[in-house]
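>>> fold the following.
(chains A and B)
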Amino acid sequence: MDEKKSAEVNIGDSLPSSDSVYRIALLTEKELDENGNQIPKLSCFSLSADDIKDNYKLSVDWDRKTTPEEVLIRVGTSFKKGKNVYKPFDNRTLYKLEVSFLKQLPFISDVIYTPSRNNNAHSSVCFDNANYNYKEHQPQILTELREHARKFHVNIDMEEVKNKVEELRKSSLESNPHK
Amino acid sequence: MISKEYWDITRKEEGLQIKKAGQISDFAGSSWYTGLIKHAIEPETLPPQTSLFLDHFNSDETYSIGYSDEGEKSKFLSRNLPAVAKAIANSKYILDLEEDWDDEGANATDFSTYDRAISFVSNYSIKVFQSGIKISAPTIEILRDGSIGVNWETSKASFLIVFDKTNEKISYCYGKNKINGIPFKTGIENDNSVDESVASWMKKNLRK
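Below is the predicted model of the structure:
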């Protein structure tokens, strides 16, 4: 992690074009394209109704602030929506998206740094709905993002993720025995 | 008043297993069976795995299978385009997905959206087949807002159409010829008709 360089980027700032972001995807049965690359599901790059309400933003993690393993550890140590049940982490994978690629797409206005309390790497890909109606351009958006991402499937040390998630879940239970 | 019912039928050694909305049903011999007989479809002649859509007319308690001639379309696809029929069969799980199905806030779909997507696959596959070309099988996927995406990928081209859960009237699509890079972009009305420009593009680019 390059702390000196990342210190130049503040909350809400545009991410450097030389960097990349990670997008979490549900792991599915292996489907390969003609070049042997794993094809991500379309849903991986689509927005939920809440994302649309939140100004058409797709959540990603900035690679300068996190490792791929840390991304999945965060998943495995957070709860499902409205439930006291941990999210599964071993049914997920990651794809990398280059910030320079994202920024040159006409329907993306910017890729900005939006850290949260639990995730210092959190960033957002902002779709330009005002000039490029998201719903109308959605088939092109999903096609272009998936075409790019399939070249950058990320290798993850799942053993490291599993051990760390188990350790953190255990320590959370010890400090909050009523969970 | 018409209400649609959705059934999954699997042929097992011990006989036909009927599932309604993911639950095994003991309705054999009643409504679904009446529907089959009414349409002169012998239950035993159904493909090993198939699905039926029943329109239930509450007023006179009669039944018809599927939306319009869907029973006939299913049979036609199974016979002539089995890979397309299989893609449809493999997509049925989408209707069983509940809110937050990805644990990240994704939305469930509804029957109407799924219905539009499946009608598109059936209508356009059959239309292209009628001009002597077998189209490759699509993948049918749920998107995170509950919309449905239908995607074809061949060595020559890709094509994606999204059936928006919040827009019953129009669906947008995007195709791209991988060899010359020329895009194809349009919107179609969800009125069960076939748009000739879309069918023509599919015919040229999505051949099996």
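>>> right, is stretch A:77-87 up against chain B?
Yes: using CB under 8 Å from any CB of the partner chain, stretch A:77-87 reaches chain B at A:80, A:81, A:87. In this view, the C-beta of every residue, glycine as well, is placed from N, C-alpha and C.
>>> which parts of that stretch are buried?
By 16 or more other CB atoms under 10 Å in any protein chain shown, the buried positions in stretch A:77-87 come out as A:77, A:86, A:87.
>>> can I get those residues in TSV with pLDDT and distance to residue A:49?
Converted to TSV, those look like this (pLDDT from 0 to 100; distance: CB to CB, whole Å):
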residue	pLDDT	distance to residue A:49
A:77	96	26
A:86	95	24
A:87	95	19
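>>> max-length helix in the chain?
Chain wasn't specified; assuming chain A. helix A:158-175 (DSSP state H).
>>> right idea, wrong chain: chain B
For chain B, the helix reaching the highest residue count under DSSP H is reported as helix B:111-130.
>>> convert the C-alpha atoms of that helix to CSV, please.
Taking Å, rounded to 0.1, in the frame of the first residue of the first chain, the C-alpha atoms of helix B:111-130 are listed here in CSV:
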residue,chain,number,x,y,z
PHE,B,111,-43.6,-13.3,-13.0
SER,B,112,-44.5,-10.6,-15.4
THR,B,113,-40.8,-9.6,-16.0
TYR,B,114,-39.8,-13.3,-16.4
ASP,B,115,-42.7,-13.9,-18.7
ARG,B,116,-41.6,-11.1,-21.0
ALA,B,117,-38.1,-12.5,-21.2
ILE,B,118,-39.2,-16.0,-21.9
SER,B,119,-41.6,-14.8,-24.6
PHE,B,120,-38.8,-13.0,-26.3
VAL,B,121,-36.5,-16.0,-26.3
SER,B,122,-39.3,-18.2,-27.7
ASN,B,123,-40.6,-15.8,-30.3
TYR,B,124,-37.3,-14.7,-31.7
SER,B,125,-35.7,-18.2,-31.6
ILE,B,126,-38.7,-19.6,-33.5
LYS,B,127,-38.7,-16.6,-36.0
VAL,B,128,-35.0,-17.1,-36.8
PHE,B,129,-35.5,-20.9,-37.1
GLN,B,130,-38.3,-20.3,-39.6
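>>> which other helices and strands does that helix contact?
With contacts taken as 3 or more CB pairs under 8 Å, 6 or more residues apart in numbering or on different chains; DSSP states H and E, helix B:111-130 sits against strand B:2-12, helix B:70-80, helix B:82-90, strand B:139-142, strand B:148-153, strand B:157-163, helix B:196-205.
>>> point out the most buried one among the ones you listed.
strand B:157-163 (a mean of 25; mean count of other CB atoms under 10 Å in any protein chain shown).
>>> having no further points to raise, I will conclude here.
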